[in-house]
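> Return a 3D structure for these sequence lines:
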Amino acid sequence: MFNRSFSKRKFHHFHSTGSRFHRGNQRKKSGIHSSKYINRAISSPIESDLPVKNSFNDFSIDQILKQNISSRGYVQPTPIQDQVIPHILKGADVVGIANTGTGKTAAFLIPLLNKIIHQRSEKVLIVVPTRELAVQIQDELKFFATSLNIYSSLVIGGNSMNRQISDLKRNPHFVISTPGRLKDMVNRKFIDLGHFHSIVLDEVDRMVDIGFINEIKFIISRLPANRQSLFFSATVAPEVNTIIQTFLHNPVTISVKVRETAQGIDQDVIHVKNKEEKINKLQNLLRQEEFKKVLVFGRTKWGVERLSRHLEQNGFSVASIHGNKTQNQRLKALTLFRQNQLQVLVATDVVARGMDIEDVSHVINFDEPVSYTDYIHRIGRTGRANKRGKALTFVS
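Numbering: from 1, shown residues only. As a prediction, the model looks like this:
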């Protein structure tokens with residue numbers, strides 16, 4: 001396990017690799033004390049200690065849907081699924097507070113699919129902060145909807161507007177969208193939000209963090225008064241609480257968030273003096289056998305791209321994801337990483353929220369995050385599904 005002496009012992013004799021990393025990726029200090037990046041993992045994540053009352057067979061849902069859930073390998077719900085699904089099935093508005101990696105997506109998809117099975121005219125709108133999360137939700141939806149003749153459409157930036165307009169004309173049951181593209185489609189009159197009576201806002205704190213609060217207010221103002229509203233967030237800042245007050249009606253609040261940091265993640269810092277030492281230490285880490293599937297976070301899109309190219313030139317199988325990449329490039333990189341065809345994925349915080357990537361062995365914060373909340377979401381990409389993970393943060 002990593003500890004305070006790790007970086008001094010392991011890296012004392014490493015050498016620098018040149019000056020190119022002095023330029024670019026410049027940023028202000030995060031203001032987070034380095035001690036907050038150090039935590040010893042314990043045997044199991046805290047969510048596992050919460051009681052689960054139901055199995056999926058206990059829920060009053062369609063039999064084909066149950067078969068699809070079983071085919072997915074799900075037997076026992078996670079705590080958030082166990083507590084949220086019965087309320088959604090009853091038609092209640094729900095506020096779900098939970099860390100990423102706790103099964104929120106299935107918690108709302110399963111009861112909403114069941115709703116459409118019994119009411120084919122129902123339309124569901126799911127709003128998420130990033131394109132990658134939208135694609136992930138649609139993939140999950142398609143699996144659960146096998147043989148149910150239920151269809152979905154993605155409305156996200158980076159993809160063909162004409163293709164999305166064509167998909168919308170087919171009147172899909174589910175529309176999964178990012179806020180900016182959704183607002184654009186509404187203004188162009190390709191989407192009438194008054195037709196959606198089931199709404200999900202997912203990862204709301206992230207949408208607020210990246211500046212979508214005005215788009216969210218725009219969307220809420222155009223929804224029908226008679227609706228079922230579902231709200232999921234890991235944190236409830238004042239801005240988020242304002243959205244709750246305007247979005248939901250007498251909601252049931254479910255919280256399975258017991259502490260900030262997943263307990264199954266070993267966390268430590270690596271002290272560096274300069275950029276040359278940092279890149280050299282990163283490369284030496286990546287050459288170690290245990291660093292099999294590594295997600296590296298940088299602060300800026302330029303720094304991420306520069307780091308990715310440097311690693312590639314030095315023989316690592318690597319790709320990058322950031323705001324300057326096209327949607328197809330971003331999805332290709334994610335797919336290769338998921339399929340273990342890449343050892344390293346270098347990314348901005350665009351993949352720090354909601355993304356479910358199996359068996360990430362390590363998260364490395366090449367650049368410190370802006371806030372501790374961002375740190376929590378970054379390292380949450382490892383140690384998922386009750387597995388152990390490791391997170392390292394470079395500190396100068």
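
> use CA for all of it now, contacts and neighbours both
Noted.

> what's the following helix or strand after the lowest-mean-pLDDT helix or strand in the chain?
One helix or strand of the chain scores below all others by mean pLDDT, DSSP states H and E: helix 4-11, with a mean of 38. Counting by DSSP states H and E, the element after helix 4-11 in chain order, helix or strand, is helix 63-71.

> neighbouring contacts of that next one?
Helix 63-71 has contacts (CA atoms under 8 Å, 6 or more residues apart in numbering) with 56-57, 75, 110, 114, 143-148.

> Please convert the buried members of these into ChimeraX selection syntax.
A single ChimeraX command selects the buried members of those (16 or more other CA atoms under 10 Å):
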select :56,110,114,144,145,148
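
> Specify which member of the contacts of helix 63-71 is nearest to residue 351.
Residue 351 has its nearest neighbour among these in residue 143, at 22.0 Å by CA to CA.

> distance of that closest one from residue 66?
12 Å (CA to CA, to the nearest Å).

> now the stretch 251-396 of the chain, which segments are flagged as low pLDDT?
Counting by pLDDT under 70, the ranges of the stretch 251-396 of the chain that qualify are 257-263, 352-354, 385-386.

> ranges for the helices of it?
In the stretch 251-396 of the chain, the helices defined using DSSP state H, counting those that start in this stretch lie at 275-286, 301-313, 327-338, 372-379.

> Would you reformat the contacts of helix 63-71 as JSON lines and include secondary structure and distance to residue 294?
Below are the contacts of helix 63-71 laid out as JSON lines (DSSP: H, G, I helix; E, B strand; the rest coil; distance: CA to CA, whole Å):
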{"residue": "56", "secondary structure": "helix", "distance to residue 294": "33"}
{"residue": "57", "secondary structure": "helix", "distance to residue 294": "37"}
{"residue": "75", "secondary structure": "coil", "distance to residue 294": "29"}
{"residue": "110", "secondary structure": "helix", "distance to residue 294": "31"}
{"residue": "114", "secondary structure": "helix", "distance to residue 294": "37"}
{"residue": "143", "secondary structure": "helix", "distance to residue 294": "27"}
{"residue": "144", "secondary structure": "helix", "distance to residue 294": "29"}
{"residue": "145", "secondary structure": "coil", "distance to residue 294": "32"}
{"residue": "146", "secondary structure": "coil", "distance to residue 294": "32"}
{"residue": "147", "secondary structure": "coil", "distance to residue 294": "36"}
{"residue": "148", "secondary structure": "coil", "distance to residue 294": "37"}
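
> Tell me how many other residues crowd residue 120.
Applying other CA atoms under 10 Å, we find 12 other residues in the vicinity of residue 120.

> same question but for residue 313, I mixed them up
11.

> what about residue 63, neighbour count?
Neighbourhood size, residue 63 [other CA under 10 Å]: 11.

> Give me the distance between it and residue 145.
Residue 63 is 12 Å from residue 145, by CA to CA.

> for residue 361, same thing?
Taken as CA to CA, the span from residue 361 to residue 145 is 31 Å.

> Surely residue 392 touches residue 363?
Yes: counting by CA atoms under 8 Å, residue 363 is a contact partner of residue 392 at 6.4 Å.

> And residue 378, how far from residue 188?
According to CA to CA, residue 378 and residue 188 sit 35 Å apart.

> Those two: who's more crowded?
residue 378 (27 against 10).

> Distance of residue 206 relative to residue 396?
In this view, residue 206 and residue 396 are 27 Å apart by CA to CA.

> between those two, who's got more neighbours?
The residue with more neighbours, out of residue 206 and residue 396, is residue 206; 25 against 15, by other CA under 10 Å.

> Look up the closest residue to that one, ignoring the ones flanking it.
Closest residue to residue 206 apart from its sequence neighbours, by CA to CA, 6 or more residues apart in numbering: residue 129 at 6.4 Å.

> Pull the distance from stretch 379-387 to the chain's centre.
When C-alpha coordinates are averaged (CA atoms, centre = their mean, to the nearest Å), stretch 379-387 and its chain have centres 12 Å apart.

> Tell me which stretches of the stretch 101-250 of the chain form helices.
Using DSSP H, counting those that start in this stretch, helices in the stretch 101-250 of the chain cover 104-118, 131-144, 161-169, 179-187, 204-209, 213-221, 238-247.

> now, among the contacts of helix 63-71, which is nearest to residue 255?
Proximity of the contacts of helix 63-71 to residue 255 (CA to CA) peaks at residue 110, which lies at 18.8 Å.

> Pretty sure that closest one sits against residue 145.
No: applying CA under 8 Å as the test, residue 110 and residue 145 come out as separate, 9.1 Å apart.

> picking that back up, what about the residue nearest to residue 206, how many neighbours?
Per other CA under 10 Å, the neighbour tally for residue 129 reads 27.

> ditto for the one 3 residues further on
Other residues lying near residue 132 total 22 when counted by other CA under 10 Å.

> Tell me which residues touch it, please.
330-331, 351, 355.

> For residue 182, see how far away it is.
15 Å.

> cool, residue 198 as well?
Noted for residue 198: a distance of 16 Å to residue 182, by CA to CA.

> Repeat that for residue 211.
Applying CA to CA, the value for residue 211 to residue 182 is 15 Å.

> So between these two, which is more surrounded?
Between residue 211 and residue 182, counted using other CA under 10 Å, the more crowded position is residue 182 (24 against 11).

> Pull the contacting residues for the more buried one.
155-156, 191.

> Could you do residue 338 as well?
357-358.

> quick one on the thing from earlier: neighbour count: residue 392 and residue 363, which is higher?
residue 363 (27 against 20).

> Show me what that one is bridged to.
residue 295, residue 391 (DSSP bridges).

> Wait, it touches residue 388, no?
No: judged on CA under 8 Å, residue 363 makes no contact with residue 388 at a distance of 11.8 Å.
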